[in-house]
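In: generate coordinates for the sequence data below:
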Amino acid sequence: MKDYIVRATAADNRIRVFAATTRHLCEQARQYHNTSPVATAALGRLLTAGSMMGIMMKGAEDKLTLQIRGAGAIGGITVTSDSRGYVKGYVNEPMVLLPANDKGKLDVSGAIGPGTLSIIRDIGLKEPYTGQIELISGEIAEDLTYYYAVSEQTPSSVALGVLMDMDNTVKAAGGFIIQLLPDTPDEVITKLENKLSDIKPVTTMLNEGMLPEDIIEYIFSDMGLNIFDKNECKYYCNCTKERVEKALISIGREELSSIIEDGQPIEMHCQFCNSTYTFDLDELKRIYDEA
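Out: Presented below is the predicted three-dimensional model:
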């Protein structure tokens with residue numbers, strides 16, 4: 001089964017809902033970056049969030065970037081997404097190894113440490129919109145819930161999870177984002193809070209065979225759930241040698257001249273998919289003429 005996101009509303013369109021299964025894209029990220037289990041979990045959570053937040057954007061060319069900068073061993077995480085829900089990302093230190101936390105779980109919070117979460121939305125205006133908060137836990141879902149409340153004044157509930165298998169591959173991954181729209185009745189809010197306080201972790205439900213639809217149907221069983229859309233999501237890096245060449249042109253003739261004078265081919269590395277592109281001297285001279 002492919003990864004996908006369902007979009008829905010509930011309570012007479014006063015609540016909007018996004019739910020996703022993302023095992024394949026999280027596993028692909030793990031393979032690209034050869035991440036340790038805790039780094040896979042951290043990156044996978046942010047990729048899952050980025051995918052769901054990406055499809056909230058309306059423009060075909062809109063871009064979303066999520067950046068975590070922490071004092072923990074993992075250093076930082078960067079994820080970018082588009083309005084299709086296609087994502088890519090990387091962690092600064094992919095091979096971090098930490099003991100389990102006091103609950104016996106992967107210590108994502110400890111790997112990230114104190115720091116900041118930045119959300120950058122590029123919707124085609126002169127300047128991208130940037131919101132930033134201090135991390136409140138490093139668990140990512142809790143931090144995003146706090147971000148929505150503080151930076152966007154949107155009461156939300158975010159759940160994210162990545163479950164690792166015994167061979168350190170991704171066994172299950174996914175999450176949901178639930179957002180209250182203005183004028184949601186208090187009785188609906190109370191009912192939702194009670195339901196959310198009593199559900200299993202999202203990866204437990206996915207591992208038990210529940211689909212994103214099943215999870216939100218369980219949460220909103222008596223609140224008029226309306227599932228209206230289903231979108232494939234995936235890990236997607238759009239780097240090519242031609243795009244890297246344009247980046248080289250953009251550094252200017254002076255810098256290119258210095259590179260050529262060294263007399264050696266150069267390699268350009270993509271952080272998102274670990275692809276490497278080599279440019280020999282003849283190619284560099286051609287790029288210099290075009291700069």
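
In: what's the distance between Arg84 and Ser258?
Out: As for Arg84, its distance to Ser258 is 39 Å (criterion: Cβ to Cβ, to the nearest Å). C-beta coordinates here come from the backbone N, C-alpha and C atoms, glycine included.

In: more neighbours: which of these two?
Out: Higher neighbour count among Arg84 and Ser258: Arg84, with 17 against 10, using other Cβ atoms under 10 Å.

In: what lies in contact with stretch 205-222?
Out: By Cβ atoms under 8 Å, 6 or more residues apart in numbering, the surrounding residues in contact with stretch 205-222 are 4-6, 8, 10-11, 15, 17, 19-21, 23, 161, 163, 171-174, 176, 178, 191-192, 195-196, 199-200, 202, 225, 227.

In: can you flag which of these belong to strands?
Out: Taking DSSP state E, the ones among the contacts of stretch 205-222 that sit in strands are 4-6, 8, 10, 15, 17, 19-21, 161, 163, 171-174, 176, 178, 227.

In: buried ones among the contacts of stretch 205-222?
Out: By neighbour count, with 16 or more other Cβ atoms under 10 Å, the contacts of stretch 205-222 hold 4-6, 8, 10-11, 15, 17, 19-21, 23, 161, 163, 171-174, 176, 178, 192, 202, 225, 227 as buried.

In: and Ala73, what pLDDT?
Out: With respect to pLDDT, Ala73 has a value of 96.

In: how about it: what's its closest non-neighbour residue?
Out: Val96 (4.5 Å; Cβ to Cβ, 6 or more residues apart in numbering).

In: residues touching the one you found, list them.
Out: By Cβ under 8 Å, 6+ apart, the neighbours of Val96 are Ser36, Val38, Ala39, Ala73, Ile74, Ala111.

In: likewise for Asp122?
Out: When contacts are counted by Cβ under 8 Å, 6+ apart, Asp122 touches Asp62, Lys63, Leu64, Thr65, Pro128.

In: quick check: Asn194 vs Cys26, distance?
Out: For Asn194, the distance to Cys26 - Cβ to Cβ - is 30 Å.

In: between the two, who's got more neighbours?
Out: Using other Cβ under 10 Å as the criterion, Asn194 and Cys26 rank with Cys26 on top: 30 against 9.

In: distance check, the more buried one against Arg16.
Out: Distance, Cys26 to Arg16, by Cβ to Cβ: 24 Å.

In: what of Glu142?
Out: 20 Å.

In: with Ala41 instead?
Out: Distance of Ala41 to Arg16, given as Cβ to Cβ: 27 Å.

In: ok, these two, which is more surrounded?
Out: Ala41 (27 against 18).

In: and the next helix or strand past the host helix or strand of the more buried one?
Out: Using DSSP states H and E, Ala41 maps to helix 37-54. Downstream of helix 37-54, the first helix or strand assigned by DSSP H and E is strand 63-70.

In: average pLDDT across the very next helix or strand once past that following strand?
Out: Per DSSP H and E, the first helix or strand lying C-terminal to strand 63-70 is strand 76-82. Regarding strand 76-82, the rounded mean pLDDT is 97.

In: now the angle from strand 76-82 to strand 63-70?
Out: Orientation note: strand 76-82 sits at an angle of 170 degrees relative to strand 63-70 (axes from the mean of the first three to the mean of the last three Cα atoms, to 10 degrees).

In: distance from strand 76-82 to the middle of the chain?
Out: Between the centre of strand 76-82 and the centre of its host chain there is 5 Å, according to Cα atoms, centre = their mean, to the nearest Å.

In: quick one: name whatever helix or strand follows it.
Out: On the C-terminal side of strand 76-82, the closest following helix or strand by DSSP H and E is strand 87-91.
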